[in-house]
Every structure is written in structure tokens, then in C-alpha cells.
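Asker: Please work out how this folds:
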Amino acid sequence: MQRTQKENQSRAKERPIYSSQGKYFGSNEQQKPRFDNQERNSNRDFSQKKSYGDGGYERKSYGDNGYERKSYGDNNYERKSYGDNGYERKSYGDNGYERKPYQRDEFQQNDYKSKSRFDKGKPERSKYESKNRYDDNQEDEKDTMRLNKFIAHAGVCSRREADELIKAGKIKINDQIVTELGYQVQRTDKVTYKEKILREKPFVYVLLNKPKDFITTTDDPEDRNTVMDLVAGACDERMYPVGRLDRDTTGLLLLTNDGELTQKLTHPSFETKKIYHVELNVRIRPEDFDKLLTGIELEDGIAKADQAALLSDTEIGIEIHSGKNRVIRRMFEAMGYEVIKLDRTMYAGLTKKEVGRGKWRFLTPKEVNILKYLM
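Answerer: A predicted model of the protein is given here:
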């Protein structure tokens, strides 16, 4: 059955309207917002509003509920200080034992002795005390020494060179030729080399600032000035120069009777560092300065500096480890320059500080240890 248009319109007027949340707002004729604050407040009566406590109850302050507020300790218990609980507080040592100070004598009487776990029963010796290999009081020290080491300590040569002398049969012990490399020398043995008795000598290390016109040798047939003349009164031991400096070259020179250290400092494998101050006759060209670092062809091979610095137009600082003879002068001569002055300012970490020209000084124990063990 079909409805007419008028019937549909009349039914639409009677249909309730819902919001998107499903809330009923009324019919089309009476569409109102759900909450009308103005209308709601106008219908309320605020004349009867009462303050807190007007609901039949009298507002009282804390403690008006029949209980009297009391301070701490009013609950029939008396507050007592520490120790009032029947026990008397006692100081340390009141527990029947008397506290006594530390008595060191008691441990000594009981033969207690502080020992290190590394103590093997060896005689005690200060670490700064000098060590004598043939001291009768040191039972832990051996009374023997390898033959090559004894020769090196006598200042003849290094241990490696001493092995060659032993194999060649040039060393005698108690007038008998010994060729055994591992032979142990006793303190009562007589060791001879070239009919001279060898004795173990203390090592001496002297740093000299060599002046010009002195030859680096121990003896000169022409009776010219040598570096040994500059250190004649340094010690009684016979020293030898480590390496050499030309007659016109000045600077640092080390002298010692330690053959093993001499071998180490002069051997090419150790690459001992040296710094020179060079003064030329003319200004060096930039391309020639670069050749100092790249390498220059000489008669015995290529030579080059480790580092180089231009100090002025004619002065150059060079660091080099090569031990070739007259290597600095030959490098500049190969490029067409003449060296006017050549001064060694550093050798194996040693400098000219507090050592004037023609003067010398002994090395400190720290410097000797650096040369022996850290280089």
C-alpha cells in the first residue's frame, strides 16, 4: 500500500531526531542543544547554598572528636635516651678484653719476619748498591764469565769481534790457546792478547765537543793534535772514539772503552741518528734541496738525508743515520757546493748542552742506559 505525500510529511514531523552519537534531541519542531548552560543555570536556585559544615554537622578543628591531641611521648611511654633500655652503653674494650696498642716486639719474639714471595733466600742487597762480579761475600753471584764478554769488558773490542779473535787462536788463558767460544773465565785465570794481560776495567763514557783542527784518532804519526789530547786527564782507562769526525768538522764525539756499545753505535743496522748544521758557500737551489731527501748518487751508492730544514739562504740543518765516510761533504760536493762549516749538534740523542767548544763531560747513568738498552 503506497502512502501519499501528505502522510509522509506528517510522519516526518512526529519522528525524533538523533545526533551522530545517538542522543535524542527531540522533534524537528523543537531542536535544542543537549546542554544549555544558560537555561539550566536559570532554573537552579542558589539561595539555599551552604558553606562547608552546614549540612547538620559543626566543623571542628583537629582534636575536637573526643580525643585530645598529645605530643610525642604522651602515650604512657616515657621517651628515653640511648642506653635507657636496661643496658649500659660501654666503650670499645669493655667486653672483657682490654684494648692494647700494637706490640711489634711480640712478633719479633715469635720469630715472625716479613718475607716477599719472591724471596728465595738470597742475601739482601740494596738495588742501588754497586755489583762486583767477583765479590766473595755474594754467594749467589757466579765466579765465572764468558770469554768474549771478558774481552769486551777489557776494552779490546765488541763481543762479536772477540769471537773472531777466539776462533783465530789469538787469545790465551794461562799461556794456553783457547778456541772454545763458550769458555768460562775464572777470576784466577790469566787472559792474554798479543802478549798483554787483559783485565776487566770499569767502563767510561765521555762526551766531547770537538773543535776544529783536531784529528779523530788515538795516535798520529805526524804528531798533530788529536782528540785524545783534549781528554787526556779524564780517566786512567784507555778510551777510543766512537766513529770519527774530519779535521775541519766540529761538534759532538763520544769516547769510551765499552767495545760492545761502540759496535752498536757504529753498525749500520742500528741507524744511529745524527744532526748536522751545514753552511755553504752559496745559496742552495730549491731543486738541489729536494735532492737531499730523495737521494744523491755517490761513488759507494745513494745517500740521502732523513730530514732537512732550510735555516737561511746558505745554512741547512740535516738529520741523517748513514755512517759513510764524509757523507755530508760528498753529498754537497756532488751537487757543486762547497761546505764552509760543518758542525754535529746531536749524536744518538746526546746534545751539546752545557758542553762548550773543546770541553767534555761524563755521561750520566741514565744516558748510558738509554744508549745501551733503549736505542
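
Asker: Return the distance of the closest residue to residue 144 other than its chain neighbours relative to residue 171.
Answerer: Counting by CB to CB, 6 or more residues apart in numbering, residue 184 is the residue found nearest to residue 144 once chain neighbours are left out, at 3.9 Å. Backbone N, C-alpha and C define where each C-beta goes, glycine included. Separation of residue 184 from residue 171 (CB to CB, to the nearest Å) stands at 13 Å.

Asker: what do you get for residue 210?
Answerer: When residue 210 is compared with residue 171 (using CB to CB), they lie 34 Å apart.

Asker: Also residue 366?
Answerer: Per CB to CB, residue 366 is found 34 Å from residue 171.

Asker: go on, residue 198?
Answerer: 8 Å.

Asker: ok, back up a step: higher neighbour count, residue 366 and residue 171?
Answerer: residue 171 (24 against 8; other CB atoms under 10 Å).

Asker: and the more buried one, bridged to which residues?
Answerer: For residue 171, the beta-bridge partners under DSSP bridges are residue 193.

Asker: just so I have it, where are all the helices in the protein?
Answerer: Secondary structure of the chain (DSSP state H): helices at 5-14, 37-42, 104-109, 147-153, 159-167, 227-230, 259-266, 286-294, 327-334, 365-369.

Asker: what comes up buried for the last one?
Answerer: Under the neighbour-count criterion of 16 or more other CB atoms under 10 Å, helix 365-369 has residue 368 buried.

Asker: residues in contact with it?
Answerer: 203, 205, 349-350 (CB atoms under 8 Å, 6 or more residues apart in numbering).

Asker: any idea which of the helices of the chain scores lowest on pLDDT?
Answerer: With a mean of 43, helix 104-109 has the lowest mean pLDDT of the helices of the chain.

Asker: Alpha carbons of stretch 300-309, as PDB, please.
Answerer: Presented in PDB, the C-alpha positions along stretch 300-309 are these (Å, rounded to 0.1, in the frame of the first residue of the first chain):
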ATOM      1  CA  ASP A 300     129.600   4.000  -2.900                       C
ATOM      2  CA  GLY A 301     125.800   4.200  -3.500                       C
ATOM      3  CA  ILE A 302     122.900   6.500  -3.000                       C
ATOM      4  CA  ALA A 303     123.000   8.800   0.100                       C
ATOM      5  CA  LYS A 304     120.000  10.800   1.400                       C
ATOM      6  CA  ALA A 305     119.000  12.700   4.500                       C
ATOM      7  CA  ASP A 306     116.200  11.600   6.800                       C
ATOM      8  CA  GLN A 307     115.100  15.200   7.300                       C
ATOM      9  CA  ALA A 308     116.300  18.600   6.200                       C
ATOM     10  CA  ALA A 309     115.500  22.200   7.100                       C
END
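
Asker: Pull the residues that contact that stretch.
Answerer: With CB under 8 Å, 6+ apart, stretch 300-309 has contacts from 273, 289, 292-296, 316-322, 324, 327, 330-331.

Asker: Just give the number of residues close to residue 147.
Answerer: Other residues lying near residue 147 total 24 when counted by other CB under 10 Å.

Asker: Now it: closest residue in space, sequence neighbours ignored.
Answerer: Spatially, and ignoring its direct neighbours in sequence, residue 147 is nearest to residue 183 (4.4 Å; CB to CB, 6+ apart).

Asker: The one you found against residue 145, yeah?
Answerer: No - with contacts counted by CB atoms under 8 Å, residue 183 stays clear of residue 145, the gap being 9.9 Å.

Asker: in the chain, which strand has the most residues?
Answerer: strand 339-347 (DSSP state E).

Asker: Next, the angle from that one to helix 259-266.
Answerer: Here the directions of strand 339-347 and helix 259-266 differ by 130 degrees (axes from the mean of the first three to the mean of the last three CA atoms, to 10 degrees).

Asker: what lines up beside strand 339-347 in the sheet?
Answerer: By DSSP bridges, strand 339-347 pairs with strand 250-256 (parallel), strand 274-280 (antiparallel), strand 350-351 (antiparallel).
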